[in-house]
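Peer 1: This is the structure alone, sequence omitted:
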């Protein structure tokens, strides 16, 4: 699935296009409202940690899932990743498989059941906050401080999968970026008991790209955040190129990118997710930035996990 986020989604004011799409937004809300009471919750025999979002895409769910996996392993648990099966999201699956087992199914319940049968004792549900069929023991919602909730409207008028009021169902929020008291107050207005944590991406191999001319490209939810991270780390960025989220790169596109570095005597740099979507023949000529999520007040975050395992 190739998806370019509309620019009007992230504007602070309501645009003409948001208003134009509002009848569809209302229809979706209407359908969700009548679906909600019909949902039956499956209660697993093992704890389920759900890492989800409200803002559609690019909030850092996958890196956080990987970090939680690492935390659970250090607590002597046997965790696994649980995902709904999508053919187009294989890059995220490949990234997780580097850490541990991934169970996929078109129905998340069946993936959880399969994991349980294989001696998994904690399930990390990557996405699924909106899936009402599964009872979660710990629900974590991810936001980016830069995008926050965009124009505050639900899709297709805005970038939200559901309204901010659904935070009342969550236990924790993780905001990737700088501290923002205004965002915190809006979150607490929806759920005064919720725990708020902040995180940042720490590049693991940035030194490899210092003192080089870099052409950066990305096909993720918010590619601007990737480009900003590179510039914040003082890389010499000569060009940035955006592709759609989960973009599947063709050989012609990759050849065009390689031609650019020959002309500029530079290197190609992308995200780890994008790297998994590049065919093997081209990987030797393309570098990727390896990142790790650093959670502020990590010990307090670990305590929240310990409560449910």
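Peer 2: That came through fine. This structure is a prediction, so every number in the text was calculated from the model and none was measured.
Peer 1: can you list the domains in this protein?
Peer 2: According to automatic domain parsing, the chain comprises the domains 38-201+294-306, 205-289.
Peer 1: Report the distance from the longest one to the chain centre.
Peer 2: Taking C-alpha atoms, centre = their mean, to the nearest Å, one finds the center of domain 38-201+294-306 at 9 Å from the center of the full chain.
Peer 1: could I get the domains of the chain as TSV with distance to residue 26?
Peer 2: Every C-beta, even on glycine, is put in place using the N, C-alpha and C of the backbone. Below are these laid out as TSV (distance: least, C-beta to C-beta, whole Å):
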stretch	distance to residue 26
domain 38-201+294-306	9
domain 205-289	25
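Peer 1: Residue 8: which of those domains is closest?
Peer 2: domain 38-201+294-306 (7.0 Å; C-beta to C-beta).
Peer 1: Let me see the mean pLDDT of that closest one.
Peer 2: For domain 38-201+294-306, mean pLDDT rounds to 95.
Peer 1: Going by neighbour count, which residues in stretch 280-291 are buried?
Peer 2: For stretch 280-291, burial by neighbour count (16 or more other C-beta atoms under 10 Å) applies to 282, 286-289, 291.
Peer 1: I misspoke; the intended subject was stretch 200-215.
Peer 2: The neighbour-count check on stretch 200-215 (16+ other C-beta under 10 Å) flags 200-201, 203, 206, 209, 214-215 as buried.
Peer 1: before we move on, what about stretch 241-261?
Peer 2: For stretch 241-261, burial by neighbour count (16+ other C-beta under 10 Å) applies to 241-243, 245-249, 253-254, 257, 261.
Peer 1: Which stretches in the stretch 51-200 of the chain count as strands?
Peer 2: Taking DSSP state E, counting those that start in this stretch, the strands of the stretch 51-200 of the chain run over residues 79-84, 102-105, 122-126, 138-144, 172-176, 195-203.
Peer 1: roughly how far apart are the nearest residue to residue 41 once chain neighbours are set aside and residue 169?
Peer 2: Excluding its sequence neighbours, the residue lying closest to residue 41 (C-beta to C-beta, 6 or more residues apart in numbering) is residue 135, at 4.5 Å. Residue 135 sits at a distance of 11 Å from residue 169 (criterion: C-beta to C-beta, to the nearest Å).
Peer 1: which of the two has more neighbours?
Peer 2: Neighbour comparison, residue 135 and residue 169: the larger count goes to residue 169, with 18 against 11 (by other C-beta atoms under 10 Å).
Peer 1: How much space separates the more buried one from residue 194?
Peer 2: Distance from residue 169 to residue 194, by C-beta to C-beta: 10 Å.
Peer 1: what does residue 284 give?
Peer 2: In this view, residue 284 and residue 194 are 46 Å apart by C-beta to C-beta.
Peer 1: Nearest to residue 43 among the strands of the stretch 51-200 of the chain would be which one?
Peer 2: Taking C-beta to C-beta, strand 122-126 is the member of those nearest to residue 43, at 12.2 Å.
Peer 1: what lines up beside the closest one in the sheet?
Peer 2: Strand pairing for strand 122-126, determined by DSSP bridges: strand 48-53 (parallel), strand 79-84 (parallel).
Peer 1: In TSV: those, plus mean neighbour count.
Peer 2: Formatted as TSV, the strands paired with strand 122-126 follow (neighbours: other C-beta atoms under 10 Å):
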stretch	mean neighbour count
strand 48-53	25
strand 79-84	24
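Peer 1: The ones you listed: which one's closest to residue 67?
Peer 2: Once those are compared by C-beta to C-beta, strand 48-53 is nearest, at 9.6 Å.
Peer 1: Not counting its own residues, what contacts the closest one?
Peer 2: The contact list for strand 48-53 (C-beta atoms under 8 Å, 6 or more residues apart in numbering) reads 59, 61, 64-65, 68, 82, 112, 122-130, 134-143, 161, 305, 308.
Peer 1: what comes into contact with stretch 172-186?
Peer 2: Residues outside stretch 172-186 that contact it (C-beta under 8 Å, 6+ apart): 59-60, 64, 138-146, 148, 164, 167, 187, 194-201, 293, 295, 301, 304.
Peer 1: Many thanks, I have nothing further to ask.
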